[in-house]
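*Asks:* Can you look at this prediction? I've put the sequence above it.
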There are 6 protein chains.
Amino acid sequence: MQRPSGRSVDQLRKVTITRQFTRHAEGSVLVCFGDTQVICTASVEKGVPGFMRGEGRGWVTAEYGMLPRSTGSRMGREASRGKQGGRTVEIQRLIGRSLRAALDLSRLGENTITVDCDVIQADGGTRTAAITGACVAVADAVSYMRDKKLISDNPLSQLLASVSVGIYQGEAVLDLDYPEDSAADTDMNVIMGESGGFVEVQGTAERAPYTREELNRMLDLAERGIKQLIDIQKAALAE
Amino acid sequence: MQRPSGRSVDQLRKVTITRQFTRHAEGSVLVCFGDTQVICTASVEKGVPGFMRGEGRGWVTAEYGMLPRSTGSRMGREASRGKQGGRTVEIQRLIGRSLRAALDLSRLGENTITVDCDVIQADGGTRTAAITGACVAVADAVSYMRDKKLISDNPLSQLLASVSVGIYQGEAVLDLDYPEDSAADTDMNVIMGESGGFVEVQGTAERAPYTREELNRMLDLAERGIKQLIDIQKAALAE
Amino acid sequence: MQRPSGRSVDQLRKVTITRQFTRHAEGSVLVCFGDTQVICTASVEKGVPGFMRGEGRGWVTAEYGMLPRSTGSRMGREASRGKQGGRTVEIQRLIGRSLRAALDLSRLGENTITVDCDVIQADGGTRTAAITGACVAVADAVSYMRDKKLISDNPLSQLLASVSVGIYQGEAVLDLDYPEDSAADTDMNVIMGESGGFVEVQGTAERAPYTREELNRMLDLAERGIKQLIDIQKAALAE
Amino acid sequence: MQRPSGRSVDQLRKVTITRQFTRHAEGSVLVCFGDTQVICTASVEKGVPGFMRGEGRGWVTAEYGMLPRSTGSRMGREASRGKQGGRTVEIQRLIGRSLRAALDLSRLGENTITVDCDVIQADGGTRTAAITGACVAVADAVSYMRDKKLISDNPLSQLLASVSVGIYQGEAVLDLDYPEDSAADTDMNVIMGESGGFVEVQGTAERAPYTREELNRMLDLAERGIKQLIDIQKAALAE
Amino acid sequence: MQRPSGRSVDQLRKVTITRQFTRHAEGSVLVCFGDTQVICTASVEKGVPGFMRGEGRGWVTAEYGMLPRSTGSRMGREASRGKQGGRTVEIQRLIGRSLRAALDLSRLGENTITVDCDVIQADGGTRTAAITGACVAVADAVSYMRDKKLISDNPLSQLLASVSVGIYQGEAVLDLDYPEDSAADTDMNVIMGESGGFVEVQGTAERAPYTREELNRMLDLAERGIKQLIDIQKAALAE
Amino acid sequence: MQRPSGRSVDQLRKVTITRQFTRHAEGSVLVCFGDTQVICTASVEKGVPGFMRGEGRGWVTAEYGMLPRSTGSRMGREASRGKQGGRTVEIQRLIGRSLRAALDLSRLGENTITVDCDVIQADGGTRTAAITGACVAVADAVSYMRDKKLISDNPLSQLLASVSVGIYQGEAVLDLDYPEDSAADTDMNVIMGESGGFVEVQGTAERAPYTREELNRMLDLAERGIKQLIDIQKAALAE
C-alpha cells in the first residue's frame, strides 16, 4: 500500500502553528496540517450565557466555518443561505466540547472565550487541525487574561490536540489528507490531552464495519500522532 | 457502586419493540429502553435527492425530534423556533449515516427511505433507542418494498443496534438512564452490526479524560449489550 | 346515504381519553377519535409573557404538530423546513384561544400553561380531538397546581369539547373521518362548553355555499356530539 | 345601548370601493369601511403551483399585510422580522379560501390570480373589508383576462362579500369598528355570496360563550349587511 | 434627444406632498413624483436601541417596502419570503442615514422616530421620493413632540430632499422615470439639505464609466432640482 | 493637521497584492491595504442564474464577509445568526455591480464568476481593498478560462480599483484607516477604471453636509490614488 502523498502510515503531514496571526484577537493562530489551513482566534468577553449567570464560572464555546472557496468546488456561503449546515454544527459542537474538557471553568471567572475556526484552505482533517490550533489560541487568550489580571489562577488544565486516523486500503493510517479521506473505509477523529487520556473518540464506518483490532491499530497511531502534535504546540507556545 | 436503577453494570433496561405501531408508515415501530420511548417510522418514497439522480442507487436519511414535553422541563418546539438545534442535527445525521451502513444502496433502486424518530418520553439514551428501533422499521419498509415488487434483492445487509456505555462513579456501566447520564464522567454511544463490527463509536469525556483501559471496558460492555439488542430485534421481526 | 365507516349520521367514532400517558408533563393525555390519535400535554411554568407581566394573571397557550408520517404520505418536518405551515398556525391559535375561554386567567397567578398537541396518527378531525384531549390535560395540570398550592381557587370555569360536523353527500353528519372530510361540501368545527354555549364556530364551504338550514342541522348534531364528549371527559377525569 | 360611533345596531359604516386605484395591477381597488382602508390588487400570472400542473385548472391565492403604522401604535414590519405572524397567516388563508369558493377554477385555464390585500389604515374589520374589496379586484382581473382572450368563459360564479358582527354590551351589532371590536364579547366574521349562501362563518367567544339565540341574531344582521355590500360592489362594477 | 415623458432635461415630474394622509402616525405623508407614489409615516416611540441607552440622545431609523403589485409585474412579498431583499436593505439604510444627518439627535431625548416608506405605485425614483416625503413626515413628528412637550428644542437642523439624475442617451437629465431609469447609462441619487450641502451622492455607471464632466453636469441638475423640492416641502409644511 | 498614521494627505497605505494565495480557486488573491487584509477568490462555474439562461451571456456576482474577530471586538457570525447584515448586503452588491462594469458579459459565455471577499483583518477601507483585490482575482479567473478554452475573447474590458477618501479634521485625505474613518466628517468610496472614468461614487456626510468644493478635492485625491492602485495591480499581474 502506497499513500497518495508518499507518507509512511504513521507520518503526520507537515504541521505548523503560527501565533499572533491577526492582530485583534486575544489569541490568534494559523494552523496548517499540510495544505489544510485554519485561522483559529480566541476572543475574551465579559459575561457568560444566561443559563450560567451568577455561578462565578466561565464558558468556552466555538464556531466553525469554511470560506466558500476553501474547497475544490465552491460551497454556498452559509451566511447567505441563512443557516449553518449539519456538518458545520456537528464540528463546532465538537470543538467547543473538547476545549471545555481542557479547562477548569471555575477558574475562568464569569468570562466567555469564543473560539472561531475558519478554514482558509481545505485538504482533509479540518476539524482536527482546528482543535489543535484552537487549543493554542485559547492558551494565548488565557495568558492575556492573566496578564490583564482578569483571572489569577490558570484555568488551562492541559493542552489537547487532535488527529484523524483511518483504514485506507486495508491499513490503518495517520492524519488523512483529502484523497485518503474520500476513499477510506473508516474515518476516526481522536482528541487527547497531554496526560494521555481520551477527550473524544469518533470513529465512523464509511463502507464496511471495522473490527476491534482495526480500532486498536487506529488508536495506537492516534496516540503517537497526538504526542507529536502536543510537542509542536509546546514549541509554538515557547517562542 | 450502586446504580440508581438497581441494575447490574452489564444489565440493559427492559427493551421492547412494537411493530406496526401506527398505521400509515411502511415501517412503524415503538421502541422502549425503559422509560425512553421513541416512535420510529420508515417511509418509502420514489426518487432520490438531486445529487444522486440517474445512478440507479437509493438513499436513506433520518430526522429526529423530541416532543416538547418528552423531558422533565418543557423544551421549546423546534418548528416554532424556526430551526433544529445542534444536538438534533447531530443525532439525526448519526442515525442516517448508521442506517446507510446497514444497507446496500445499489439494491434499493432510485427510492428513498426516510426514517423519522420522534421521542415521546425521554430518560437517557434516546439516540441509541432510536437507532435500534429505526433498524427494525427499515427492515419492515424493505419487506414492504419486496412484497410490492419495488425491488427484487434484499438491500438490508445486516441488522444493527446501538447502546450507550459510560463511566459512572468510576465503573463502566451499560445503557445509562438519565440519572446516570447526567452524572457520568464519560458517555459513549456504540453502534454495531450483527456481524460484530463497529459502525460508529463516539466517546466523549464529560469530566476527566478516559484511559485506554476504560475505553476497552466500555467496548466490552457495549458488545455484549448489542448482541442482546439484536436478539430482541430478531424476536420482534419473527412475530 | 351510507357513511364510509357505516356509522349513523349522528354517531361519534369510538373516543378514548387516556390520562397520565407520559410521565413528565403535569397533564398528559392520549386522545383517540377512532384512528385519529393525539398526545396532549399541559406544562406548567412560572411566569407569563412580557406583555402580561405584573398584572397577576396567568396565560394559556398551545402548540400543534403532526409527526411527519402521521398521514398517508409523509409530510415534511416543520422543524427542518424552518417554519410552521399556515394550517399549523391556524390550528394552534384556535386551540389556545378556546382553552383560554375555559379558564379564569385571574385565578391562575402569574403562571403559564403550555399545551402541546402532537398528532401521532391522523384520520380526520385532529384539531377537534386535540381540543377535547387538551382540556383534560389542562384539568390535570390545574389539579397539580392546586395540589402543590401554586394556586388556591379553581381557574377552570368549565370543560369544553370540540367536534367536526359537515355536509357529506347532501346530509349533515357528525365527526367526519378522513374519507368523509376530503369529500365533504362543508366542514364545520364547533367548540362548546359544558354550559351549552358556543366557544367557537368555524364553518367553511368547501364546494358550494351552505344554507342557513344546513348550518342549523350541523349545529344540532354538534351540540349532541359535544354533550357526549363532555361525558367521556368527565368519566376519564373521575378515574 | 349606544354604539361609540352613534350608528344603529344594523348600520354599516360608510363603505366605498374605488376601482383602478393603482395603475399596474389587472385589478386594483381601494376599499374603505369607515376609517379602515385596504388596497386590494389582483395580479394575473401564467401558470399554477406545481401540485396542480397539467390539470387545466387555475388557482387563486391571497396575501395580506398591514403597513407598520396602519395601527394606533407601530407594529414591527413582518418583512424585517423575517416571518409573517399567526394572525396574518390566518387572514390570508381565509381570503384565498373564500375567493376560490366564488370562482369556477376549471374556467380559469392554467393561470393564477394572486390577490394582495394591504391595510393602509386600520379601524377594525380589516379582513372583511379586504374580502369585499378583493372580490371586486378579482372581477376586474377576470374582465381583463376575457378582454385579452386569455379565457373565454366567465369563471366568477358570483360576487361575495364579508362583514363582521358581534355581541357588544349584550346586543348584536353589525360591522364593528375598533372601539367595539376590542370590547365585544363575541366577534364573528361572515362571508356570503350573492345567492345568499354562507361561504364562511367564524364566530369566537372573546369573553363568555354565546348562545344559539345570539348566534342567530348575529347571522340575521350579517345577512342584511352583506346584501348591502353586494349592492355597493355592483354599483362600483357598473361605473 | 427627446425624453419619453416630453419633459425638458432639467424638469421635475409633477411633485405633490399630502400631509396627514393616514390618521394614526405622528407624521403621515403621501408623496408623488409623477406616477411614483410613496406613503411615508414617522412614528414616535419612547426609548432607543440598547447600544445608545443612557446617553440622553435619540435615534432615527427607516424601513422601506414596496407593495407586491406596485410594479409592472408582481414581486414576491418580502414578509412571506422571510427576508428583505438586498435592494430593500440598501434603500432603507440610505433613508435612515440621510434623515439622521438632518437632525441633531442630542435634542431628541431618548426617543426613536421610525420612518416607514411604503411604495404604493412605482415609476422610477422611489428612494428619492421616499426621502423627500419622509423628511416632511419627520418634520410633522417633531412638531407633534414639541406640542406634547416631549422635547423642548427643535432637533430638525434643516430640511433635506433627494432627486435622481442620470445620463440618458448621452445627456444629463433630472428626475428619471422608469423608462429612462431602465435605459440610462448612469444613475445618480443625490441628497442635499436646505443649506446647499451634500448629504449623500451615489452615482453608478450602469453601462460605461462616466467622466468628471458628466458628474458635474448631473450635480448641477440635482442642485437645481433639490432647491425646487425643498420649496415644495416648505409649501406643504406651511399649509 | 496630522494623520494618526503620519501619512501625508494624498498617501496610500502600503498596498500589497499576493496572487495564488490559496490553491483551489481559479483566481485567489490576498490584498492588504496596510492592516486591512482581505482574501478575494474568483470561482468559475458553468451556467448562469435562471433569469439569464439562454441569452449566451455570463454573470459576475460577489459575496462579502468578515471573520468574526477581524475587528477590535468580536462580531456575531452571520452564518449562525441566520442572516447577513445590512452593511454586508450593501457591500457585496457594490462589489458585484462594479466588477460587472469591468467585464463584457457577452464574451463570458454562459458562465458565472463568483467572487468571495473575506476580511481576515479589518482596519478601515475593507470594501475598497476588496474591490481592488477582486479585480485581480477576476483577471486570473479570466486567464484560466482562456487557457482552458472555455472562452475565446477577453471579457475584461479594463482593470478597476477603488479607494476611500474623506474629510478628516477639515481636510481631504486619501485611503482612511480605521482611526480616521471613525472620526471623519465625510466618507467617500470611489471606484474607477484604467480609462479614468467613474464606475461608482458614494459619498456620505457622517456629520455635517459637504460642499461641492470638498467633493471636488476628494475626487482629485481619489483619481490620483486609483492610478497608483492600478499600477500595483498591473505589477502583480505581470509577476
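*Replies:* Structure's in. What do you need?
*Asks:* Check A:Glu239 and give its pLDDT.
*Replies:* A:Glu239 carries a pLDDT score of 89 in this model.
*Asks:* And for it, nearest residue in space, chain neighbours not counted?
*Replies:* A:Arg19 (6.9 Å; C-beta to C-beta, 6 or more residues apart in numbering or on different chains). Heads up, the C-betas are built off the backbone N, CA and C, glycines and all.
*Asks:* State the distance from that neighbour to chain B.
*Replies:* 25 Å (C-beta to the nearest C-beta, to the nearest Å).
*Asks:* how many other residues sit next to that residue?
*Replies:* Look at A:Arg19: counted by other C-beta atoms under 10 Å in any protein chain shown, it has 17 neighbours.
*Asks:* doesn't A:Val29 make contact with it?
*Replies:* Yes: in this structure, A:Arg19 is within contact of A:Val29 by C-beta atoms under 8 Å, at 5.7 Å.
*Asks:* Find the residues that touch each one of those two.
*Replies:* Both A:Arg19 and A:Val29 are in contact with A:Val136, A:Asp140, A:Ala236, where contact means C-beta atoms under 8 Å, 6 or more residues apart in numbering or on different chains.
*Asks:* In terms of helices and strands, where is the second one?
*Replies:* According to DSSP states H and E, A:Asp140 maps onto helix A:126-147.
*Asks:* What strands line up against the helix or strand following that helix, and which way round?
*Replies:* Next along the chain after helix A:126-147, taking DSSP H and E as the criterion, comes strand A:160-168. Strand A:160-168 sits in its sheet next to strand A:171-174 (antiparallel), strand A:186-193 (antiparallel), going by DSSP bridges.
*Asks:* Need the ones you listed in JSON lines (columns: mean pLDDT and mean neighbour count).
*Replies:* Formatted as JSON lines, these follow (pLDDT from 0 to 100; neighbours: other C-beta atoms under 10 Å in any protein chain shown):
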{"stretch": "strand A:171-174", "mean pLDDT": "97", "mean neighbour count": "21"}
{"stretch": "strand A:186-193", "mean pLDDT": "97", "mean neighbour count": "25"}
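*Asks:* Pipe those strands into JSON lines and attach distance to D:Val173 per row.
*Replies:* Formatted as JSON lines, these follow (distance: least, C-beta to C-beta, whole Å):
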{"stretch": "strand A:171-174", "distance to D:Val173": "81"}
{"stretch": "strand A:186-193", "distance to D:Val173": "70"}
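*Asks:* what about A:Gln121, how many residues close to it?
*Replies:* Neighbour count for A:Gln121, taken as other C-beta under 10 Å: 23.
*Asks:* contacting residues for it?
*Replies:* A:Asp35, A:Thr36, A:Gln37, A:Ser70, F:Thr22, F:Arg23, F:His24.
*Asks:* and if we set it to 10 Å?
*Replies:* Contacts for A:Gln121 (C-beta atoms under 10 Å, 6 or more residues apart in numbering or on different chains) come out as A:32, A:34-38, A:66-67, A:69-71, F:21-25, F:28, F:39.
*Asks:* Just the buried ones from the residues you listed, in PyMOL syntax?
*Replies:* The PyMOL command for the buried members of those (criterion: 16 or more other C-beta atoms under 10 Å in any protein chain shown) is given here:
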select buried, (chain A and resi 32+34+35+36+37+38+66+67+69+70+71) or (chain F and resi 21+22+24+25+28+39)
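*Asks:* So which of the contacts of A:Gln121 sit within strands?
*Replies:* Among the contacts of A:Gln121, the members found in strands (DSSP state E) are A:Cys32, A:Thr36, A:Gln37, A:Val38, A:Met66, F:Ser28, F:Ile39.
*Asks:* The closest residue to the second one other than its chain neighbours: neighbour count?
*Replies:* Same thing as A:Thr36. Sequence neighbours aside, A:Asp123 is the residue nearest to A:Thr36 in space, at 4.6 Å (criterion: C-beta to C-beta, 6+ apart). Using other C-beta under 10 Å, A:Asp123 is surrounded by 25 other residues.
*Asks:* Would you agree A:Asp123 falls within a helix?
*Replies:* No: assigned with DSSP: H, G, I helix; E, B strand; the rest coil, A:Asp123 falls outside any helix and is coil.
*Asks:* What residues does it make contact with?
*Replies:* When contacts are counted by C-beta under 10 Å, 6+ apart, A:Asp123 touches A:5, A:13, A:32-37, A:70-72, A:129, A:176-179, A:181, F:23-24.
*Asks:* can you rerun that using 7 Å?
*Replies:* When contacts are counted by C-beta atoms under 7 Å, 6 or more residues apart in numbering or on different chains, A:Asp123 touches A:Gly34, A:Asp35, A:Thr36, A:Asp177, A:Tyr178.
*Asks:* before we move on, what about A:Pro179?
*Replies:* Contact analysis of A:Pro179 by C-beta under 7 Å, 6+ apart lists A:Pro4.
*Asks:* Correct me if wrong, but it is in a strand.
*Replies:* No: the secondary structure assignment for A:Pro179 gives helix rather than a strand, going by three-state DSSP.
*Asks:* I'd like the distance between it and chain B.
*Replies:* From A:Pro179 over to chain B the distance is 20 Å, taken as C-beta to the nearest C-beta.
*Asks:* and what of A:Phe198?
*Replies:* From A:Phe198 over to chain B the distance is 5 Å, taken as C-beta to the nearest C-beta.
*Asks:* how many other residues sit next to that residue?
*Replies:* Number of residues near A:Phe198 (other C-beta under 10 Å) recorded here: 26.
*Asks:* Check A:Glu223 too.
*Replies:* Using other C-beta under 10 Å, A:Glu223 has 16 other residues around it.
*Asks:* Now find how far off-centre stretch A:36-53 is within its chain.
*Replies:* Here stretch A:36-53 is found 15 Å from its chain centre; the criterion is C-alpha atoms, centre = their mean, to the nearest Å.
*Asks:* Now it: buried residues?
*Replies:* Residues A:Thr36, A:Gln37, A:Val38, A:Ile39, A:Cys40, A:Thr41, A:Ala42, A:Ser43, A:Val44, A:Val48 are the ones in stretch A:36-53 that count as buried (16+ other C-beta under 10 Å).
*Asks:* which among the residues you listed gets closest to E:Gly82?
*Replies:* When the buried residues of stretch A:36-53 are ranked by distance to E:Gly82 (C-beta to C-beta), A:Ser43 comes first, at 30.2 Å.
*Asks:* And the residue of chain A that's closest to chain E?
*Replies:* Proximity of chain A to chain E (C-beta to the nearest C-beta) peaks at A:Gly82, 7.2 Å away.
*Asks:* is it true that that residue touches F:Lys83?
*Replies:* Yes: at 5.8 Å, A:Gly82 and F:Lys83 qualify as touching, with contact defined as C-beta atoms under 7 Å.
*Asks:* now stretch A:92-106: mean pLDDT?
*Replies:* For stretch A:92-106, mean pLDDT rounds to 96.
*Asks:* Could you see whether chain B lies near it?
*Replies:* Yes: with C-beta under 7 Å from any C-beta of the partner chain as the criterion, chain B is reached by stretch A:92-106 at A:Arg93, A:Arg97, A:Ala101.
*Asks:* and the second one, that one's in a helix?
*Replies:* In this case it means A:Arg97. Yes: assessed by three-state DSSP, A:Arg97 belongs to a helix.
*Asks:* list the contacts for A:Cys40?
*Replies:* A:Val29, A:Val31, A:Val115, A:Cys117, A:Ala130, A:Gly133, A:Ala134, A:Ala137.
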